[in-house]
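J.: Sequence first, then the predicted structure:
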Amino acid sequence: MLLLNKFKVIDNPQKFALFEKIDENGKSLIRRLGDQECPLFLCLSWGGDNGMKRFLLQENETGQILWENFSNAELTNFLMMLDKEQEDHIAEIRHRYAMKAIRLRDCMKAAKKREKGKA
């Protein structure tokens, strides 16, 4: 809660969790800290090799979100954001389809012209 206040995050604290990130051999491993773990003790246990390890404060993984903890207004806002994302995605697909249809028509016209030129 203190970190959320420090960074002026006004969302529901239940949406966030503290994670340990370990960078080794070019790979990153992320592990959610348990409710009983103490970040200070964990950090001290890293010893001098803490350049490869750090904490992340981020939203819970999708499977761990407790939707019942959100207000109706927050849930409605989530739905509106998802609807907007869906509309944007549909518009992008339609635009790409229209561009490909134009390109296909142009290619067909060019092929007909070449065919007529050969005859």
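T.: Yep, that arrived. Numbering: from 1, shown residues only.

J.: Just give me how far the longest strand along the chain sits from the chain centre.
T.: Longest strand of the chain, by residue count under DSSP state E: strand 16-24. Relative to the mean C-alpha coordinate of its chain, strand 16-24 is positioned 16 Å out (CA atoms, centre = their mean, to the nearest Å).

J.: One more: stretch 82-94?
T.: Worked out by CA atoms, centre = their mean, stretch 82-94 lies 16 Å from the chain centre.

J.: which other helices and strands contact the longest strand of the chain?
T.: strand 27-32, strand 53-59 (3 or more CB pairs under 8 Å, 6 or more residues apart in numbering; DSSP states H and E). Just so you know, the C-beta spots here come from the backbone N, C-alpha and C atoms, and that holds for glycine as well.

J.: least trustworthy helix or strand in this structure by mean pLDDT?
T.: helix 2-6 (a mean of 72; mean pLDDT, DSSP states H and E).

J.: and the gap between H95 and I102?
T.: From H95 over to I102 the distance is 11 Å, taken as CB to CB, to the nearest Å.

J.: Also R114?
T.: 19 Å.

J.: can you list the residues that contact the longest strand of the chain?
T.: Under the contact criterion CB atoms under 8 Å, 6 or more residues apart in numbering, strand 16-24 has outside partners 3-4, 9, 28-33, 39, 42, 52-61, 64.

J.: Low-confidence ranges, this structure, go.
T.: 1, 49-51, 61-65, 119 (pLDDT under 70).
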